[in-house]
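> The following block contains a protein sequence and its predicted model.
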Amino acid sequence: MSSVANADQGELGKFNALAGRFWDPRGEFRPLHLLNPVRARFVAERVTLTGARVLDVGCGGGLLCEALARAGARVTGIDLAPGMIEVARLHAAGEGLDIDYRVVAAEEVLAAEPGGFDVITCMEMLEHVPSPARMAATLAGLVRPGGAVFISTINRNLKSFLLAIVAAEYVLRLIPRGTHEYERLIRPAELARWARSAGLALRALAGIELNPLTEQCRLTRDPAVNYLSHFER
């Protein structure tokens, strides 16, 4: 397994530039604030978080990390955008939460602690890296045998193009233009194949439906646009 960071500097720059506004629930990251309770519940319903060692890969400003820490997990959050980690540390300190935040690549953590975590989470990140298949293998290597890996990303089809890119970025302006590139979106079958090659078995797949008008978010059986997946090593 290569220890070279599987990262796109252009993508990191986009998120680093917005780090200071990460915790503004009405700002550019509003959709993540709406999605987060659903994501956290999906994880909590499938694993025991109390005392579990959890690694959130691509943690951003720490939304999911904080939710998992409040549920009793021992959380480490990693991201290659220094601005995001700084914001995450400051917010966690203000909330009185003990979360281990690091500016480090997943590959480096894998080299130091293979199989060192009970649960791995990787939310809305896989579509931003140069090699998502290699990242899936890295995530598999980080979790202990019998442990769980949770991944959320966006499907690649006409519906997802219209809703996740055209509507979200250009019409409703829910997120900054250029956040997602259609060619980088990932079909569930592709993700399942990469995971299977890395020794992960798919246990659950669910769509995430976000209504921007009512700001309601819920899980569905349709993974046509945003979706969550649970794998077991």
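Received, thanks.

> can we go C-alpha only for contacts and neighbour counts from here?
OK.

> buried ones in the helix or strand of the chain with the lowest mean pLDDT?
One helix or strand of the chain scores below all others by mean pLDDT, DSSP states H and E: helix 9-17, with a mean of 76. By neighbour count on 16 or more other CA atoms under 10 Å, the buried set for helix 9-17 is 11-12, 15-16.

> repeat for stretch 186-205
Buried residues in stretch 186-205 (16+ other CA under 10 Å): 186-188, 191-192, 194-196, 198, 200-202, 205.

> Take those residues and keep only those in helices.
188, 191-192, 194-196 (DSSP state H).

> Could I get those residues in JSON lines, plus columns for distance to residue 215 and pLDDT?
Converted to JSON lines, those look like this (distance: CA to CA, whole Å; pLDDT from 0 to 100):
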{"residue": "188", "distance to residue 215": "25", "pLDDT": "97"}
{"residue": "191", "distance to residue 215": "28", "pLDDT": "98"}
{"residue": "192", "distance to residue 215": "30", "pLDDT": "97"}
{"residue": "194", "distance to residue 215": "33", "pLDDT": "98"}
{"residue": "195", "distance to residue 215": "32", "pLDDT": "97"}
{"residue": "196", "distance to residue 215": "35", "pLDDT": "98"}
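
> show me where this structure has helices.
Counting by DSSP H, one finds helices in the chain at the ranges 9-17, 30-44, 63-70, 82-95, 106-112, 132-142, 158-160, 188-197.

> so which of those helices is the most packed in?
The highest average neighbour count among the helices of the chain, using mean count of other CA atoms under 10 Å, belongs to helix 132-142 at a mean of 23.
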